[in-house]
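Asker: Got a predicted structure here, sequence first:
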Amino acid sequence: METTGHHTVNDLFAQLGLPSDDDAVEGFLERHHLSGEEHLSEAPFWSDGQREFLEQAILDDSDWCEAVDELDTLLRH
């Protein structure tokens, strides 16, 4: 697992074990959305491992935080 540097949303998808090319990310964002006060890590489309990674990234204020926050924003549009 990579732990340093700036990570993109595409990097985050790869880290989560998801297809990470631009078309795959765009397709994911078209199919999945967050509503209201729903927390990113509580969305029903994550596996347990993905959910745990997203929660820990925020709790630990890791270098993945920016990419996780960006994904959260993208899923709310």
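Answerer: Perfect, I can see it now.
Asker: ok, residue 39 to residue 51 distance?
Answerer: 10 Å (C-beta to C-beta, to the nearest Å). From N, CA and C alone the C-beta is placed, and that goes for glycine too.
Asker: of the two, who's got more company?
Answerer: residue 51 (18 against 12; other C-beta atoms under 10 Å).
Asker: Tell me, how many residues neighbour residue 77?
Answerer: 7.
Asker: now residue 12
Answerer: For residue 12, using other C-beta under 10 Å, the count is 21.
Asker: for it, what are its contacts?
Answerer: 64, 67-68, 71 (C-beta atoms under 8 Å, 6 or more residues apart in numbering).
Asker: In JSON lines, list the residues you listed along with pLDDT, distance to residue 31 and neighbour count.
Answerer: Shown next, in JSON lines, are those (pLDDT from 0 to 100; distance: C-beta to C-beta, whole Å; neighbours: other C-beta atoms under 10 Å):
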{"residue": "64", "pLDDT": "97", "distance to residue 31": "22", "neighbour count": "23"}
{"residue": "67", "pLDDT": "97", "distance to residue 31": "19", "neighbour count": "20"}
{"residue": "68", "pLDDT": "97", "distance to residue 31": "19", "neighbour count": "23"}
{"residue": "71", "pLDDT": "98", "distance to residue 31": "14", "neighbour count": "22"}
